[in-house]
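In: sequence plus the predicted model coming up.
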2 protein chains.
Amino acid sequence: MGLSYAEENYLKAILKLSGSPDGTVSTNAIAAQLDTSAASVTDMLKKLSDKELITYQRYKGASLTSDGQRIATNLVRKHRLWEVFLVQSLGMTWDEVHDIAEELEHIQSDRLIERLDQFLGHPKFDPHGDPIPNAQGKYTLRVQVPLTALKPGQEGIVIGVREDETSFLKHLNEKGLTVGKSIKVITNDDYDNTLSLHVDGHELNLSGKVARNIMIKTT
Amino acid sequence: MGLSYAEENYLKAILKLSGSPDGTVSTNAIAAQLDTSAASVTDMLKKLSDKELITYQRYKGASLTSDGQRIATNLVRKHRLWEVFLVQSLGMTWDEVHDIAEELEHIQSDRLIERLDQFLGHPKFDPHGDPIPNAQGKYTLRVQVPLTALKPGQEGIVIGVREDETSFLKHLNEKGLTVGKSIKVITNDDYDNTLSLHVDGHELNLSGKVARNIMIKTT
DNA sequence: CATCCAATTTAGATTAATCTAAAAATAATT
DNA sequence: AATTATTTTTAGATTAATCTAAATTGGATG
């Protein structure tokens, strides 16, 4: 009954990419996300379709069924709970937990996750600021805005990032820009969103590319 | 560079079965331990031999090289540390943690295990009473004796079990016989080691088959 | 020491997940 | 609408791990 790691990873990728109104995701988008060939994706889509975890028609892309959605959301839940554990309990840093959680999320035991969730105090957000779905798959929403949207003079608190890449997180960590930090925008270039801001009394410069992926709750 | 789950499981099985003086393990013994066919074992032994993790000669059995031993011992370390976490931190029971730890032990991150060990306070024994190798692969030894070796009137403390099977652990749990419990032997049948003993004021009867797998530190 | 038996290995297939290269379908552009 | 370009699928192979059935080896036994 259990799915393979590969099958689980495909479901997660489809969930992540389900941005369009009908939730349809293209073969190539999945291939890019999972860094694999389009041919492999086609094979797997057929299999997942047979298992009724996605709906799929040749050349028309795929979307999650409710079963598929439930499974994928649960993977996200497990991933984020483990990230909380790694940071909160084990004292690991923001930027080093993603890859480990990527492995831990596949551990099969509902009871384990239930106990972990309780142990961590039913956290609603992970260390990147992303919401953790509850056991029923419901998210707590939080109003957040990319740093690039703030005008000079505006203040706020870092509540998360959009990118999950280790190198990106490491970069932010080195600059002292972690979740919970208070910031104040000094300048915000109209053309390319190059920013300068105050953090912990220091002044910091960020490219628009970086700032676009830092999410802020304004104060 | 990393090994597959299958390769890791073979190394662990060989370590577990390395009882003979030269540490040699037969193909069939491994097949039985891993519940697989002898033919599959032969295939894998060739592969592990190519990787210099075991020494292997056709028809002569296999034994771990120092590299193989290091890897296998580290798996045991990870398994037992996770068991401590599941019981101590998450409040799971003795008998339900083995299968989960069997999955968790394959997670790849030295730093994770280092932090977990620290978080747990560098435990020396797992919830079954088995010693946890340190990062250098060294065990803390503890004098223990099977329950069947105790004579009527002798007392002791349960410090572990030999069997890892869930059904066995569940059975003991139901009888209230967990690690740390003080016991006193009332009778011990000469012929088949059927035992009666006192635990928590109650009297308990155990078959020799069960008692043989319960390890005691005499007091 | 020849024979037999159990243990082990080889041979040949199978399944899951992947790949490259070629074919087919869809989408974009003149 | 016809042609071109892109996307997607199919075809055919490959690798890892497994299986069953047949062949082989090594040791035990008469």
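Out: Ah, there it is. Numbers count the residues shown, from 1 in each chain, chains lettered A, B, ... in the order given.
In: please, which helix or strand holds A:Thr93?
Out: Using DSSP states H and E, A:Thr93 falls within no helix or strand.
In: A:Ile30 against A:Lys16, yeah?
Out: No. Taking contacts as Cβ atoms under 8 Å, A:Ile30 lies outside contact range of A:Lys16: 9.6 Å. C-beta: built from backbone N, CA, C; applies to glycine.
In: these two: which is more packed in?
Out: A:Ile30 (24 against 15; other Cβ atoms under 10 Å in any protein chain shown).
In: quick one: residues contacting that one.
Out: By Cβ atoms under 8 Å, 6 or more residues apart in numbering or on different chains, A:Ile30 lies in contact with A:10, A:13-14, A:17, A:41, A:45, A:62.
In: tell me the first helix or strand C-terminal of the longest helix along chain A.
Out: What stands out as the longest helix in chain A, according to DSSP state H, is helix A:66-84. Going down the chain from helix A:66-84, the next helix or strand is helix A:98-104, by DSSP H and E.
In: and that next one, which residues are buried?
Out: Neighbour-count burial for helix A:98-104, counted by 16 or more other Cβ atoms under 10 Å in any protein chain shown, picks out A:98, A:100-104.
In: quick one: is that helix near chain B?
Out: Yes. Contact of helix A:98-104 with chain B (Cβ under 8 Å from any Cβ of the partner chain) involves A:99-100, A:103-104.
In: which of those sits closest to DNA strand C?
Out: Closest approach to DNA strand C among the residues of helix A:98-104 next to chain B (Cβ to the nearest atom of the strand): A:Glu103, at 14.5 Å.
In: give me the element the spatially closest residue to the closest one that is not a sequence neighbour is part of.
Out: Take A:Glu103 and drop its neighbours on the chain: the residue closest to it by Cβ to Cβ, 6 or more residues apart in numbering or on different chains is B:Ile107, 5.0 Å away. Using DSSP H and E, B:Ile107 sits within no helix or strand.
In: what is the neighbour count of B:Ile107?
Out: Neighbourhood size, B:Ile107 [other Cβ under 10 Å]: 18.
In: where does it land on pLDDT?
Out: In this model, B:Ile107 is scored at 98, pLDDT.
In: contacting residues around it?
Out: A:100, A:103-104, B:78.
In: and with 10 Å instead?
Out: Residues near B:Ile107 by Cβ atoms under 10 Å, 6 or more residues apart in numbering or on different chains: A:82, A:100-101, A:103-104, A:106-107, B:78, B:82, B:113, B:116.
In: around chain B, which positions in chain A sit nearby?
Out: Residues of chain A lying near chain B by Cβ under 10 Å from any Cβ of the partner chain: A:5, A:82, A:85-86, A:89-92, A:96-97, A:99-101, A:103-104, A:106-109, A:111-112, A:114-119.
In: with adjacent residues omitted, what lies nearest to A:Thr218?
Out: Excluding the flanking residues, the one nearest A:Thr218 by Cβ to Cβ, 6+ apart is A:Gly156, at 4.3 Å.
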